[in-house]
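**Q** Compute the structure for the input listed below.
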Amino acid sequence: MNTILAATIAANMVITGVPSRVYDGDTITINKQNIRLFGIDAPELKEPYGFLARDYLRALVKGIEVSCTLTGKTTYQRVVARCYMPSGYEINQLMVEGGVALDCRGYSKGLYRNFEPSWARVRLVNKGYCK
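**A** Numbers count the residues shown, from 1 in each chain. Model prediction:
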């Protein structure tokens, strides 16, 4: 059974490990599994602040073991998850608090919206699905 298919079978399954790759500001790889951070949207690398978002996420997870709880959803060959640092802080939330990602209400139901700095929606590209 392919990894992504197996991971989508059970919501609440946990993938744990040190990320081997940070692709952009909302995608990491652990144990060869691409993981999309749930409920947030960071700029793409080709967009303004895209590299800043990626580098911010890299700095957050560099060399630490991350635990990602799967939602049971997939997108573009990635499982969707809420990911946590060993301290218990949620990485998804920290990305929004840092002003390098936005809450995507259509997916998160506004879970991270109150953590957005007041200037974040002015600075970052606001895609229609993240209003």
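
**Q** biggest strand in this protein, by residue count?
**A** Ordering each strand of the chain by length in residues (DSSP state E) puts strand 66-75 first.

**Q** Which positions within it qualify as buried?
**A** For strand 66-75, the neighbour count (16 or more other CB atoms under 10 Å) marks V66, S67, C68, T69, L70, T71, T74 as buried. In this view, the C-beta of every residue, glycine as well, is placed from N, C-alpha and C.

**Q** In contact with the fourth one, which residues?
**A** So that's T69. With contact set as CB atoms under 8 Å, 6 or more residues apart in numbering, T69 has these partners: N12, M13, V14, A81, R82, C83, Y84.

**Q** do you know how far it is from N12?
**A** Applying CB to CB, to the nearest Å, the value for T69 to N12 is 6 Å.

**Q** Enumerate the helices of the protein by residue range, in sequence order.
**A** Remark: helices assigned in the chain by DSSP state H are 3-9, 50-61, 91-97, 105-108, 120-123.

**Q** can you tell which of the ones you listed is closest to V22?
**A** Ranking the helices of the chain by distance to V22, with CB to CB as the measure, places helix 50-61 first at 4.5 Å.

**Q** What lies in contact with the closest one?
**A** Helix 50-61 is contacted by residues 18-19, 22-26, 28, 42-45, 85, 91, 94-95, 98, 100-101 when judged by CB under 8 Å, 6+ apart.

**Q** got the buried residues for it?
**A** Quick answer for helix 50-61 (16+ other CB under 10 Å): G50, L52, A53, R54, Y56, L57, L60, V61.

**Q** Not counting sequence-adjacent ones, nearest residue to the third one?
**A** Across the structure, with CB to CB, 6 or more residues apart in numbering as the measure, the residue nearest A53 apart from its sequence neighbours is G25 (2.8 Å).
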